[in-house]
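# test case, fold it:
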Amino acid sequence: MEKTPSKYIVLAGTFFTSLSSIIIRFSEAPALVISAYRMLFTSLMLLIPVMMNSREEFKKISVKEYGLCTASGIFLALHFASWISSIKMTTVANSTILVSCSPIFVALANYFVTKEKLNRKMTAGILMSLAGTIIIAMGSWGETASNAMLGNTLAFLGAVFVAGYLVIGGVARKNISAGIYVFIVYSVSALVLFVMCFASKTPIYPYSPKEFMLFAALAFFCSIFGHTVYNYMVKYVSSTLISVSTLCEPIFASIMAMLIFREIPSIYTLVGGIIIIAGIFYYLVTQNKEIKSINN
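Predicted coordinates:
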């Protein structure tokens, strides 16, 4: 019997994912280019391990499963295209906070699509965490710059797209191994993003060695140790739980932004951060009790 990994591994994935907003800030390349190369390098890093360990599995995947992987890859591409653009237009805190609103869309999608039940306590945990993100956002509601407003809107769209990616992943991963799933999804995402670059006439070359090192860092740390952890865990835990856990990302990113870019968090960020952590912990504990009661 396959041993179920600890659900708290998701939080490690959240930490590595939170590094992406910091690395992106150091890049001068267009958002679409950053997104495309990040996915391309991630796919290349996975190519040899996947071919060595799971080559035969490709033959067993159905057309429907390939379709799910393709749809997931498209949603991931749209997520990166919108969210990475937002990083360049608004603050790290705003961008990571708004993109972390995905739990509300994931929970709604799972309720209607996969019929996943949400009891009152689990709903309270989600609402508590979302309340924390709203409190943090209140600190920047006075901003009226058009770039900041567009950046905030793009970050919110990023939350919608990543919700679709997580929900589809929860369905697809039931019958597909993590390695095969992420390789297909990341490859589709890279292809879609490069098509978007060509369609928008965004140059994909030349860029300095520094830029390519940043693209590789995003791929290795943020995709392999971040998103791949999510895709591995989505077979064992709810995609709603994963999306709620990602609400830690604004906290990690805001702390790093404070140390590196001197973006000092406001009282709203501090208070909201405490509420977010409390909501995540409450949700994790509640869901764990729910699973135990079902198994008994």
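# which residue ranges form the strands in the stretch 101-250 of the chain?
Taking DSSP state E, counting those that start in this stretch as the criterion, the stretch 101-250 of the chain carries no strands.
# let me see the ranges of the helices in it.
102-109, 120-138, 146-172, 178-199, 209-217, 228-233, 239-245, 249-261 (DSSP state H, counting those that start in this stretch).
# can you give me the buried ones in the second one?
Looking back up the chat, that one is helix 120-138. Going by neighbour count (16 or more other C-beta atoms under 10 Å), the buried part of helix 120-138 is M122, G125, I126, M128, S129, L130, G132, T133, I135, I136, A137. (C-beta placed from N, C-alpha, C; glycine too.)
# flag the shaky bits of this structure, pLDDT-wise.
1-2, 114, 137, 139-146, 240, 284, 287-296 (pLDDT under 70).
# returning to that earlier point: single out the most deeply packed of the helices of the stretch 101-250 of the chain.
helix 239-245 (a mean of 27; mean count of other C-beta atoms under 10 Å).
# tell me which strands and helices that helix is in contact with?
If you count contacts as 3 or more C-beta pairs under 8 Å, 6 or more residues apart in numbering; DSSP states H and E, helix 239-245 packs onto helix 9-26, helix 102-109, helix 120-138, helix 146-172, helix 267-295.
# what do you get if the cut-off is 10 Å, keeping everything else the same?
helix 9-26, helix 102-109, helix 120-138, helix 146-172, helix 228-233, helix 267-295 (3 or more C-beta pairs under 10 Å, 6 or more residues apart in numbering; DSSP states H and E).
# distance to P209 added to these, as a markdown table?
What follows is those, written out as a markdown table (distance: least, C-beta to C-beta, whole Å):
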| stretch | distance to P209 |
| --- | --- |
| helix 9-26 | 13 |
| helix 102-109 | 34 |
| helix 120-138 | 36 |
| helix 146-172 | 28 |
| helix 228-233 | 26 |
| helix 267-295 | 35 |
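# nearest to V182, out of these?
Proximity to V182 (C-beta to C-beta) singles out helix 228-233 among the helices and strands packed on helix 239-245, at 4.8 Å.
# check which helices and strands the closest one sits against.
helix 9-26, helix 31-54, helix 146-172, helix 178-199, helix 239-245.
# quick one: which of those helices is nearest G273?
Smallest distance to G273 across those (C-beta to C-beta): 12.6 Å, for helix 9-26.
# list the buried ones in that closest one?
Buried residues in helix 9-26, counted by 16+ other C-beta under 10 Å: 9-11, 13-25.
# double-check L154 against T90; I have them as touching.
Yes: at 8.4 Å, L154 counts as touching T90 under the criterion of C-beta atoms under 10 Å.
# could you dump the helices and strands packed on helix 228-233 to TSV with distance to A107?
Listed next are the helices and strands packed on helix 228-233 as TSV, based on distance: least, C-beta to C-beta, whole Å:
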stretch	distance to A107
helix 9-26	16
helix 31-54	26
helix 146-172	9
helix 178-199	22
helix 239-245	5
